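1. coords please:
(one chain, ligands or ions: 1)
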Amino acid sequence: MGGRGRKGGSSKSILPRDNLPGVFKGTEETLFTKNMIIGDSVYGEKRTTVIEDGEKIEYRQWDPSCKLAAAIRCGVGQIYMSPGSKVLYLGAASGTTVSHVSDIVGPEGLVYAVEFAPRPGRDLIDLSRKRTNIIPIIEDARYPRKYCMLIKMVDTIFADVAQPNQADIVGLNAQFFLKDEGHFVISIKANCIDRTAKPEVVFANEVTKMKEKGMEVREPLSLEPYQLGHAVVVGIYRPETVQW
Ligand code: SAM
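-> Residues are numbered from 1 along each chain as shown. Now for the predicted structure:
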């Protein structure tokens, strides 16, 4: 690891993002997270160092090529992740977005990062050696019983498994790990679910499935122009309404 970096930004050029603790913005709405491991780049992202009240702070640029960053750029009101949050992240891949969530939740928070493919799983394990608030779980998210001993209840589930049965996967993991009234943020890639239907129809069908699982869902938010054919849905888990 290690990568490009730009030093000496002005502290006034990077400011907290309204309503999203742990997320920062620079000029032209560029997003940043505060680097938990100063001097370290995870995937070659740009870094900016500023001195604030005599303390050196490094920010990592967070581009909308990450779906969560795209959701923020598209105006999602809340991501339900902030310093101290416990997050279950399904579909962690090599940890690109996980690393920003790790910055957001900080040393008091935890990111349980589930990924079943061995190769990205190895990168995730390497990442967790430096970022000790990441718990890598190299398992299949369809079978939460296999990793239930590793996870305590979480505040939020973020899902990006890009699978046709993603709503079932999230519903099952919510049943195991999401606290009542906890939140979820789900990235939906329309053509992973149905290549023949219009994206809006796919998103609406996914929302219907989620509602059947006790997940109260707000309107899907399109991630265009950053991610074509993608949307995120954000909602709250109220299991007493579940009809399995
Ligand atoms: N969220 C990642 C990021 O922003 O860096 C990208 C995730 S990629 C779209 C989807 C990932 O989900 C892949 O790495 C894939 O291996 C993983 N995945 C798919 N189905 C899964 C399952 N049932 N259990 C665990 N991981 C799964």
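2. name the residues that touch the helix or strand where Gly121 lies?
-> Following DSSP states H and E, the helix or strand that holds Gly121 is helix 118-130. Residues from elsewhere that reach helix 118-130 (Cβ atoms under 8 Å, 6 or more residues apart in numbering): 1, 37, 40, 42, 92-95, 98-99, 113, 115, 134-136, 138. All C-beta spots, glycine's among them, are computed from the backbone N, C-alpha and C.
3. in PyMOL, how would I select just the buried ones from the residues you listed?
-> In PyMOL, a selection of the buried entries from the contacts of helix 118-130 looks like this (16 or more other Cβ atoms under 10 Å):
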select buried, resi 37+40+42+92+93+94+95+98+99+113+115+134+135+136+138
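4. what about Met153, how many neighbours?
-> When neighbours are counted by other Cβ atoms under 10 Å, Met153 registers 12.
5. now it: phi and psi?
-> Torsion angles at Met153 (phi, psi; degrees, to the nearest 10) stand at phi -60, psi 140.
6. is it true that it touches Phe177?
-> Yes. The pair Met153 / Phe177 is scored as a contact, 6.1 Å apart, by Cβ atoms under 8 Å.
7. pull the CA atoms of stretch 167-183 into PDB?
-> Only the C-alpha atoms of stretch 167-183 are listed here, as PDB (Å, rounded to 0.1, in the frame of the first residue of the first chain):
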ATOM      1  CA  ALA A 167     -32.900  -8.300  -0.700                       C
ATOM      2  CA  ASP A 168     -33.100 -11.900   0.800                       C
ATOM      3  CA  ILE A 169     -29.500 -11.700   1.900                       C
ATOM      4  CA  VAL A 170     -29.900  -8.300   3.600                       C
ATOM      5  CA  GLY A 171     -33.200  -9.400   5.200                       C
ATOM      6  CA  LEU A 172     -31.600 -12.500   6.700                       C
ATOM      7  CA  ASN A 173     -28.500 -10.600   8.000                       C
ATOM      8  CA  ALA A 174     -30.800  -8.000   9.500                       C
ATOM      9  CA  GLN A 175     -32.700 -10.700  11.300                       C
ATOM     10  CA  PHE A 176     -29.400 -11.900  12.800                       C
ATOM     11  CA  PHE A 177     -27.500  -8.700  13.400                       C
ATOM     12  CA  LEU A 178     -29.400  -5.500  12.900                       C
ATOM     13  CA  LYS A 179     -30.700  -3.900  16.100                       C
ATOM     14  CA  ASP A 180     -34.400  -3.000  16.100                       C
ATOM     15  CA  GLU A 181     -34.800   0.400  14.500                       C
ATOM     16  CA  GLY A 182     -31.400   0.000  13.000                       C
ATOM     17  CA  HIS A 183     -30.800   1.200   9.400                       C
END
